[in-house]
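S.K.: Give me coordinates for this.
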Amino acid sequence: MLPIGAKSGYLEILADPWRFNGRLHYLTRCVCGREKLIRVDHIEKLFVKSCGCKKVEGTTSAITTHGQSSRQLRTSEYNSWASMIQRCCNPKSQVYKHYGARGIEVCDRWKSSFENFFNDMGKKPSKELELERVDNNKGYEIGNCVWATRTQQMKNCRNTRIVDVDGAKMSVRDACALLGIPERTIYWRVCKHKVSHQKAIDDYRLKIPGGNTALGALMGGGSQ
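M.R.: Numbering: from 1, shown residues only. A predicted model of the protein is given here:
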């Protein structure tokens with residue numbers, strides 16, 4: 001087995017191998033910056049030397065495409081993904097006994113690609129939020145994960161309502177806190193007008209000044 005940090009072709013080994021679809025895989029980083037799971041035997045026999053990018057020259061443009069996973073540009077979202085992979089898939093992780101050993105798994109789509117995870121979960125509205133499962137009896141997969149505060153994590157339960165705020169999935173409570181909307185107002189609209197929590201939040205944002213740019217301002221951007 002190759003040690004962490006070893007180089008093979010254009011790939012760097014990032015973690016000890018773990019079993020995926022019945023075979024051992026390394027988590028690797030290509031020179032273009034892309035993270036990918038690759039079979040151990042394919043790397044050690046030099047069948048695979050890169051992530052699959054056709055051109056390893058001109059890595060500046062490649063790093064722009066996959067920049068979230070490059071060492072210099074590693075983001076909070078990437079760190080959340082990498083931690084999820086480690087605690088569910090790496091038996092040597094200190095917290096594996098609480099996740100992987102209990103049968104908590106990462107769906108194949110997210111396990112094989114940070115890009116898939118980021119496309120599904122979106123950017124964190126706030127760096128204080130962490131990756132949380134809505135139903136603790138299920139694994140990390142689309143529809144069962146949100147960006148949540150530590151307080152919300154402690155109160156995690158099966159009936160948490162999930163909404164989308166500018167592409168980011170989160171609980172109704174966290175959405176109201178980030179947007180400055182009274183939580184009771186949203187639930188009042190849901191009960192009186194018989195609408196979904198998503199529609200109640202969307203409609204309320206249209207009625208308040210700057211409602212549609214509140215999240216952007218909160219993230220430091222605001223409207224241009």
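S.K.: so who does residue 112 touch?
M.R.: For residue 112, the contact set (CB atoms under 8 Å, 6 or more residues apart in numbering) comprises 20, 36-37. Backbone N, C-alpha and C define where each C-beta goes, glycine included.
S.K.: For residue 7, give its distance to residue 174.
M.R.: Between residue 7 and residue 174 the distance is 41 Å, computed by CB to CB, to the nearest Å.
S.K.: My error: substitute residue 135 in the last question.
M.R.: Relative to residue 174, residue 135 is positioned 17 Å away (CB to CB).
S.K.: cool, residue 37 as well?
M.R.: Shown here: residue 37 relative to residue 174, a distance of 31 Å by CB to CB.
S.K.: With neighbour numbers in mind, choose between those two.
M.R.: Neighbour totals were compared for residue 37 and residue 174, and residue 174 leads with 26 against 19 (other CB atoms under 10 Å).
S.K.: State the helix or strand in which the more buried one lies.
M.R.: Using DSSP states H and E, residue 174 falls within helix 172-179.
S.K.: Quick one: list the elements packing against that helix.
M.R.: strand 145-148, strand 162-165, helix 183-193, helix 197-207, helix 214-218 (3 or more CB pairs under 8 Å, 6 or more residues apart in numbering; DSSP states H and E).
S.K.: Tell me which of these is the most buried.
M.R.: Burial of the helices and strands packed on helix 172-179 is given as mean neighbour count (mean count of other CB atoms under 10 Å); strand 145-148 ranks first at a mean of 25.
S.K.: what does that strand contact?
M.R.: By CB under 8 Å, 6+ apart, the residues outside strand 145-148 that reach it are 121, 124-126, 129-134, 156, 160, 162, 168-171, 174.
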